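Asker: Sequence plus the predicted model coming up.
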Amino acid sequence: MKSIIGTVLSASIFVYGLASSAPPNLAKDGLPAPILSANYDYENLNLPAHFRSAELQNEDNQTKDNPITNAGVTLGRVLFYDKRLSRNNTTSCASCHLQANNFSDPERRSKGFNGASTSLHSMALTNIRYFKSGHAFWTERVDSLEKQALRPIIDQTEMGIQDIPDLLDKLAATGFYPGLFENAFGTPEITPGRIALAITQFERSLVSADSKLDRALQADKIEDVLTEQELLGYALFGGPPIEVLERNNLADIPTMGCNECHQTPAMVLVGGKTNNGLDAGRGQFKVPSLRNIEVSGPYMHDGRFPTLLRVLEHYMDNIDDGPDTDVRLRINNDPKEQFERFRRSTEEQEAVIAFLKTLTDEKFLSDPKFSDPFNWPKADSK
């Protein structure tokens with residue numbers, strides 16, 4: 001075992017040496033060590049009132065066995081960004097889930113540790129804690145985030161780890177991980193279960209609640225913050241209180257009912273996966289949060305739509321009528337009706353897109369508490 005680890009570390013140091021003539025802070029294994037000089041508070045979220053509602057708290061999938069702690073999220077953040085978790089030290093969780101892109105990937109398919117492409121688009125992780133079931137992946141094939149966390153690490157396309165015991169030795173050889181595990185769990189032991197718990201804590205800490213819409217919802221009047229176009233888009237989307245609609249002469253605007261699948265302030269689907277008419281056959285997929293949707297394209301589970309306009313065009317004219325197609329896509333939710341509720345003018349389409357852009361949370365997308373604590377060399381990136 002030691003000879004294997006030694007070979008890996010020697011190769012890693014050699015690759016790193018080629019990539020950077022002036023390496024940053026290094027760990028005992030010769031690879032970058034995390035810079036953790038700032039103490040971030042992950043336990044006490046400063047959330048607006050609509051994010052502290054009983055409705056949304058009821059959807060929180062945080063478990064009693066894995067509550068968010070500052071030390072736990074700190075460890076999870078380091079693991080999330082650490083390329084040591086891949087077979088050849090080239091790929092981390094963050095390689096496919098980029099903060100600036102809503103913890104998604106701007107490419108339709110992500111590249112794994114050996115350059116091979118994933119089969120689906122990398123799902124945005126924002127507000128993932130507000131899916132009550134906690135089921136993970138596009139098909140919700142595992143029943144908790146904790147069970148999901150190790151899957152990409154051992155996937156032979158994504159990160160390629162073949163032997164978990166070797167990975168544990170690899171992390172122990174850094175010198176810094178035992179202390180981080182002790183801070184998070186009370187003892188320095190590095191185990192697969194603890195890795196999963198910490199990564200999951202970091203993922204649950206990714207709460208976005210400081211967009212233009214959030215500021216509007218906290219204002220005396222929503223229209224004091226949103227433009228006329230954005231307010232029209234909000235009315236078409238569905239969601240403003242009736243008094244807001246009446247005050248702005250929008251009460252007679254027929255809603256598209258987008259809010260029937262993008263629910264709660266977290267903008268997620270309550271109650272599980274669905275079929276949104278992408279294919280005529282069977283198949284249901286998770287509905288990620290619409291928060292920061294402006295920067296998380298391409299869209300859908302397979303990344304087939306490059307723009308929000310293309311997404312709207314799908315709902316307007318291209319919904320396939322299959323056996324699993326969600327009834328909420330039909331007029332009045334009537335299974336005998338067609339899908340015409342989404343057909344709107346160019347002006348209204350532009351208004352909906354303008355509203356969706358009010359969900360962009362610039363602070364979240366650049367917040368250092370969620371950022372990469374390492375300084376991996378550019379030549380070593382995928």
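Answerer: Yep, it's here.
Asker: Might you report the residue contacts of residue 73?
Answerer: By CB atoms under 8 Å, 6 or more residues apart in numbering, the contact set of residue 73 is 40, 42, 198, 201-202, 205. In short, each C-beta sits where N, CA and C put it, glycine included.
Asker: With adjacent residues omitted, what lies nearest to it?
Answerer: Once flanking residues are discounted, residue 73 sits nearest to residue 42: 4.1 Å by CB to CB, 6 or more residues apart in numbering.
Asker: what does residue 233 give?
Answerer: Spatial nearest neighbour of residue 233, excluding adjacent residues (CB to CB, 6+ apart): residue 355 at 2.8 Å.
Asker: and what of residue 318?
Answerer: Once flanking residues are discounted, residue 318 sits nearest to residue 277: 7.7 Å by CB to CB, 6+ apart.
Asker: my read: that neighbour touches residue 330, true?
Answerer: No: using CB atoms under 8 Å, residue 277 makes no contact with residue 330, being 10.0 Å away.
Asker: Give me the neighbour count for residue 71.
Answerer: Residue 71 has 18 neighbours, counted by other CB atoms under 10 Å.
Asker: contacting residues for the most centrally placed residue in the chain?
Answerer: For the chain, the residue nearest the mean C-alpha position is residue 125 (1.2 Å; CA atoms, centre = their mean). Residue 125 is in contact with 97, 102-104, 203, 206, counting by CB under 8 Å, 6+ apart.
Asker: Which pLDDT value belongs to it?
Answerer: Reported pLDDT at residue 125 in the predicted model: 98.
Asker: mind checking which helix or strand it is in?
Answerer: Under the criterion of DSSP states H and E, residue 125 resides outside all helices and strands.
Asker: do you know how far the residue nearest to it when sequence neighbours are not counted is from residue 286?
Answerer: Of all residues not flanking residue 125 in the chain, residue 103 sits nearest, at 3.9 Å (CB to CB, 6+ apart). The spacing between residue 103 and residue 286, counted by CB to CB, to the nearest Å, is 14 Å.
Asker: who has more neighbours, the two?
Answerer: residue 103 (28 against 20).
Asker: Got phi/psi on the residue found closest to residue 136 once you drop the neighbours it is linked to in the chain?
Answerer: Residue nearest to residue 136 in three dimensions, not counting chain neighbours: residue 148, with 3.6 Å by CB to CB, 6+ apart. Backbone torsions for residue 148, taken as degrees, to the nearest 10, come to phi -80, psi -30.
Asker: My guess is residue 148 contacts residue 137. True?
Answerer: Yes: contact between residue 148 and residue 137 holds when scored by CB under 8 Å: they sit 6.4 Å apart.
Asker: Looking at those two, which one has more neighbours?
Answerer: Ranked by neighbour count (other CB under 10 Å), residue 148 and residue 137 place residue 148 first, with 21 against 17.
Asker: Show the contacting residues for the more buried one.
Answerer: Residue 148 makes contacts with 136-137, 142, 200, as judged by CB under 8 Å, 6+ apart.
Asker: Is there a quick PyMOL command that grabs whichever of those residues are buried?
Answerer: The following PyMOL line selects those of the contacts of residue 148 that are buried, judged by 16 or more other CB atoms under 10 Å:
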select buried, resi 136+137+200
